[in-house]
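1. Requesting a structural model of the entry that follows:
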Amino acid sequence: MNVQKLILAFFIVVGATITSCSKDDTVAVETKIIPYDFEAIVDEMPPMGYEIGQLLASTNRGTLTYTLLEQSAHEAIAVDGATGKLTVSNPAKFVYELNPIITATTRVSNDQVSEEIKITLTLTKAVNKKVYNGTINLRSQEDVNAFGSEDYTHISGTLNIGKFLDGELSDIHDLSPLTSLEYIGKNLIVGLNPELTNLNGLDNLTHISSMIFISSNKQLRSIQNLKNVPGHYLTLFIENNEALENLNGLEKLETLTGLRILDNPVLRNINGLIGVKQGGEVRITNNPQLIDFSGLENMESAMGGIYIQKNESLTNIDALIGLKYVKETIMITNNSSLVQIDGLRNIQEWGQSVKIIGNDALQNINSLEFLQIANSVEISNNSSLTDIIGLSNLINARFLYIDNNPGLQSISPLTNLRAAGFLSISGNTHLIDLTGLAGLKTLSDRLKINFNPSLLTLAGLEQLTSVSGKFEIKSNLALTDFCALSPDLIENGIAGQYDVRENAFNPSKSDLINGNCRL
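-> Predicted structure coming up:
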């Protein structure tokens, strides 16, 4: 295992493409780009090629390219056109007396649409700087003591405290020998140190360029000593720290390329994240004592998606009220105490996939009214959900699953749905009809209506004229009335298999054509 593999495992980019279900139902999607200005503090005279950070922008479709337009110090920096990675091109330009502040402008483009990103680099003057060039691995307390005795102020690469990358436990319990350290050029990794209770010794750190990774430190109770580290374009991992109750000490973090809070059994609050404005990919999973997300009130974007899973005490996500932009998936699954998701109601731009699954106490999804065109929407296994009013503006969905919601009695809010790909309405114990689908005309894939024991009639499917895949209606034990199905659909509109069985009434195509449509 290495840092690169950790990062790759975390950042998985999922492409989402919306396809229209028929020529008449095509909905134009306007290409939009959301840019984020870049600010960073850089020590003077960094090495050639030094990675300053990653320019951030999001788009609702396609890919982005980056073009450096101008910079105040000629050829000081370079920008990778495909990734937006910002690097040092000419170290000689990074002299405090010459250029205390370096500014630049980059164009970010998607086809014919473009926006600009402003770059501001503030140089710090090198005073009594002692640099360790490269990555340092401190695998034991003896290593910590020996390295600390050298009084290094700067590490150009990664500081690894413990044997996490080796998959072994260390005996490190005291970081106080590291008090001279001010600057880490890449990553801080603190992992698999079962005797470490705090980060005393890292109090003078004022710069970490890439990632803070704190994992599997059994007795770690505080990370307060990171209080002086500002966060611009950092990735933050807080995972499997059995004694950690809060994230106090991270208040200066502002722009994150990734945020992962996972498997911390006594974590009660994340108030220390109050400064975060951009979250990158946000994953908050399996923190059983976390009640709410207080601390994330200022987060405006989660460009890599937001994943909220298996937090059994979580009752609400109200603190996400400032969230406006989500590039990838919104996934809220298996949070057994979550009553409502109103914190999503101000989302303006999103990544086309929403999954609300297995939240037993969830009573409504009203905040999903921003949904109009979707790649995938799944509302499943929410045992207390009684309505789907939040889907009232949905027009087109490539995949739409309304499955196994036993309290759901009606899908009437789907009245604006005109087209879909795969439509599944299954396992909804109290659903009696499909009247919410009165506007649905075409399915470019499959229809699946199964295991709805109270469903009496297919009323609501009158306008459906085309199903390009399998037509599956089975195991609806009370279903006796198929008269809503139009002759156009039955005679010519079903391209795939016609599979109607194990209902109270199971007419063949011929039965329906001949008018034998109800028991």
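2. The residue most central in space within the chain and residue 274: what is the separation?
-> For the chain, the residue nearest the mean C-alpha position is residue 305 (2.0 Å; Cα atoms, centre = their mean). In this structure, residue 305 and residue 274 are 22 Å apart, going by Cβ to Cβ, to the nearest Å. (Glycine included, C-beta is placed from N, CA and C.)
3. show me where pLDDT drops low in this structure?
-> Scanning the chain for pLDDT under 70 picks out 1-29.
4. Tell me the secondary structure of the closest residue to residue 90 other than its chain neighbours, please.
-> Once flanking residues are discounted, residue 90 sits nearest to residue 75: 4.9 Å by Cβ to Cβ, 6 or more residues apart in numbering. At residue 75 the chain is in coil, as set by DSSP: H, G, I helix; E, B strand; the rest coil.
5. List phi and psi for residue 75.
-> phi 60, psi 30 (degrees, to the nearest 10).
6. correct me, but it touches residue 89?
-> Yes: between residue 75 and residue 89 a contact is recorded at 5.3 Å, counting by Cβ atoms under 8 Å.
7. in stretch 170-177, what's buried?
-> Within stretch 170-177, the residues scored as buried using 16 or more other Cβ atoms under 10 Å are 170-172, 174-175, 177.
8. again, but for stretch 306-325
-> For stretch 306-325, by 16+ other Cβ under 10 Å, it's 306-311, 314, 316-321, 323-325.
9. repeat for stretch 467-484
-> Using 16+ other Cβ under 10 Å as the test for burial, stretch 467-484 gives 467-476, 479, 481-484.
10. now swap in stretch 217-233 and tell me
-> Applying a neighbour-count criterion of 16+ other Cβ under 10 Å, one finds 217-218, 220-227, 229-233 buried in stretch 217-233.
11. What is the end-to-end distance of stretch 390-407?
-> 16 Å (Cα to Cα, to the nearest Å).
12. ditto for stretch 274-283
-> So stretch 274-283: terminal residues 16 Å apart, Cα to Cα.
13. Show residues contacting it.
-> With contacts defined as Cβ atoms under 8 Å, 6 or more residues apart in numbering, stretch 274-283 is touched by 10-11, 36, 56, 231, 235, 250-262, 295-307, 309, 328.
14. 6 Å instead, please
-> Residues from elsewhere that reach stretch 274-283, judged by Cβ atoms under 6 Å, 6 or more residues apart in numbering: 251-260, 295, 298-307.
15. what do you get for stretch 402-409?
-> The list of residues contacting stretch 402-409 from outside it, by Cβ under 6 Å, 6+ apart, reads 379-386, 424-431.
16. What segments of the stretch 351-500 of the chain are strands?
-> For the stretch 351-500 of the chain, the strands defined by DSSP state E, counting those that start in this stretch occupy 353-357, 373-380, 396-403, 419-426, 442-443, 447-450, 466-467, 471-474, 498-501.
17. Direction included, what does the first one pair up with?
-> Spelled out, that is strand 353-357. The pairing partners recorded for strand 353-357 under DSSP bridges are strand 330-333 (parallel), strand 373-380 (parallel).
18. Point out the ones among the contacts of stretch 274-283 that are inside strands.
-> Judged by DSSP state E, the contacts of stretch 274-283 include 253-260, 301-302, 306-307 as members of strands.
19. Next, give me the two most distant ones among those.
-> Among those, the pair separated by the greatest distance (Cβ to Cβ) is 254 and 307, at 21.3 Å.
20. Residue 237 looks like it's in a helix, true?
-> No: per three-state DSSP, residue 237 lies outside any helix segment and is strand.
21. Residue 406 versus that one, what's the distance?
-> Residue 237 is 37 Å from residue 406, by Cβ to Cβ.
22. The two - which one has more neighbours?
-> Using other Cβ atoms under 10 Å as the criterion, residue 237 and residue 406 rank with residue 237 on top: 22 against 16.
23. isn't residue 356 right up against residue 380?
-> No: using Cβ atoms under 6 Å, residue 356 is not in contact with residue 380, being 7.6 Å away.
24. higher neighbour count, the two?
-> Applying other Cβ under 10 Å to residue 356 and residue 380 shows that residue 356 carries more neighbours, namely 27 against 20.
25. Kindly state the beta-bridge partners for the more buried one.
-> residue 332, residue 379.
26. Could you measure from it over to residue 280?
-> Taken as Cβ to Cβ, the span from residue 356 to residue 280 is 22 Å.
27. repeat for residue 328
-> For residue 328, the distance to residue 280 - Cβ to Cβ - is 10 Å.
28. anything in contact with each of those two?
-> Counting by Cβ under 6 Å, 6+ apart, the contacts common to residue 328 and residue 280 are residue 304.
29. ok, the buried residues of stretch 170-177 vs residue 164, which is closest?
-> residue 170 (8.5 Å).
30. I'd say that closest one and residue 160 touch.
-> No: taking Cβ under 6 Å as the definition, residue 170 is not a contact partner of residue 160, at 10.2 Å.
31. Which neighbours do those two have in common?
-> With contacts taken as Cβ under 6 Å, 6+ apart, not a single residue reaches both residue 170 and residue 160.
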